[in-house]
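> Build me a structure from this.
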Amino acid sequence: MKTDSKSTPGSREWQLRVDLAAAFRLAVEFDWHESVGNHFSAAVNDDGSQFLINPKWLHFSRIRASDLQLLDSNDCSVLDRPDAPDTTAWFIHSHLHRSVPEAKVLLHCHPPYATALATLKDPSIKPIDQNTARFFNRVIIDSQFDGMGDNESEGARLANLFGRCKALIMGNHGVTTCGESVAHAFEELYFLERACKTLVLAYSTGQPLSMLSDELAEKTARSWDEFEGSEARHFEQLKLMLDDRGSNYAS
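Residues are numbered from 1 along each chain as shown. This next block holds a predicted model:
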């Protein structure tokens, strides 16, 4: 793991490490983790060339701030090192951070309901309530699944798709959300999974969906866009929950 003075407690990078480590622990709380796979990352500089990511095959429930690897998105020689990251993590996150630097934090996982929706012929999030409407015209759907994303071409393809959006629904795969902070990206993942849960449960009734009009869905989505500040407060409360339990994520 690459470290420097910026990763000492109290630094900006250290706080980013703490928040990202908390996101891993919270993913376990919400049952979004999967074995020792999936990956979250956060850029530590403006151009995305330096980013933090979880080490290869360390369970989300055990990840600490000090465990996170600091990688250079332009240095593919990292794959030849003894502590090399997971190949899918490298190819997806290095390309996205390098090509979409405004996506400061990237959370990629396979949460149950979002992944179930991603397996449907039509994986779009229908606006049937205010949570599903949050993502109206704000999600990109990738319908060209080409395996586990463990190569340069797949990483580049996903980076070209991402652009400026709240989330990427990866057909037959999972989801990736982004944000300006860990709290922001986590809030998008939280509401994305809740929206997908609502939609999957509604589909399971077999009854016709009561769809919001495009105008009302867009109005609701704009209200969400302007609803600032709650993501930071929510994430802080969730970290306090971990603290109350004596979690060591911040070590």
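> Run through the neighbouring helices and strands of the helix or strand His108 falls within.
Secondary structure from DSSP states H and E places His108 in strand 105-109. Using 3 or more Cβ pairs under 8 Å, 6 or more residues apart in numbering; DSSP states H and E, the elements in contact with strand 105-109 are helix 12-29, strand 39-43, helix 87-99, strand 174-179, helix 182-204. Quick note: C-beta positions are derived from backbone N, CA and C, even for glycine.
> would you list these in a markdown table and tack on mean neighbour count, mean pLDDT and distance to Ser230?
Formatted as a markdown table, those follow (neighbours: other Cβ atoms under 10 Å; pLDDT from 0 to 100; distance: least, Cβ to Cβ, whole Å):
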| stretch | mean neighbour count | mean pLDDT | distance to Ser230 |
| --- | --- | --- | --- |
| helix 12-29 | 21 | 97 | 16 |
| strand 39-43 | 26 | 97 | 20 |
| helix 87-99 | 23 | 90 | 25 |
| strand 174-179 | 24 | 94 | 13 |
| helix 182-204 | 21 | 98 | 7 |
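> Can I get the ones you listed in JSON lines including distance to Ser251?
Formatted as JSON lines, the helices and strands packed on strand 105-109 follow (distance: least, Cβ to Cβ, whole Å):
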{"stretch": "helix 12-29", "distance to Ser251": "9"}
{"stretch": "strand 39-43", "distance to Ser251": "18"}
{"stretch": "helix 87-99", "distance to Ser251": "22"}
{"stretch": "strand 174-179", "distance to Ser251": "24"}
{"stretch": "helix 182-204", "distance to Ser251": "17"}
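> returning to what we had before: what residues does the strand holding His108 touch?
20, 23, 27, 32-34, 38-43, 92-93, 96-97, 174-182, 184-186, 188-189 (Cβ atoms under 8 Å, 6 or more residues apart in numbering).
> Which strands or helices does the worst-scoring helix or strand of the chain on mean pLDDT pack on?
In the chain, the helix or strand scored least confidently by mean pLDDT, DSSP states H and E is helix 152-162, which has a mean of 78. Packed against helix 152-162, as judged by 3+ Cβ pairs under 8 Å, 6+ apart, are the following elements: helix 87-99, strand 139-142, strand 167-170, strand 174-179.
> what does it rub up against?
With Cβ under 8 Å, 6+ apart, helix 152-162 has contacts from 90-92, 94-96, 98-100, 103, 140, 142, 144, 146-147, 149, 168, 170, 176, 178.
> now do 6 Å
Phe91, Ile92, His95, Leu96, Ser99, Val100, Ile140, Asp142, Asp146, Leu168 (Cβ atoms under 6 Å, 6 or more residues apart in numbering).
> Return the set of buried residues in it.
If you call a residue buried by 16 or more other Cβ atoms under 10 Å, then helix 152-162 has these buried ones: Glu154, Gly155, Leu158, Ala159, Leu161, Phe162.
> Gly174 versus the most centrally placed residue in the chain, what's the distance?
Taking Cα atoms, centre = their mean, the centroid of the chain lies closest to Leu107, which sits 1.7 Å from it. Distance, Leu107 to Gly174, using Cβ to Cβ, to the nearest Å: 10 Å.
> And Asp225, by the same measure?
24 Å.
> ok, now Trp224?
Distance from Trp224 to Gly174, by Cβ to Cβ: 22 Å.
> cool, Tyr113 as well?
For Tyr113 relative to Gly174 (Cβ to Cβ), the value is 11 Å.
> If we ignore the residues flanking it in sequence, what's nearest Gln50?
Val44 (4.8 Å; Cβ to Cβ, 6 or more residues apart in numbering).
> same check, this time on Phe235
Ala183 (3.6 Å).
> In contact with the one you found: list those residues for me.
Contacts of Ala183 by Cβ under 6 Å, 6+ apart are Glu231, Ala232, Phe235.
> what does Gln130 give?
Contacts of Gln130 (Cβ under 6 Å, 6+ apart): Thr220.
> can you rerun that using 8 Å?
The neighbourhood of Gln130, defined by Cβ under 8 Å, 6+ apart, consists of Thr220, Trp224.
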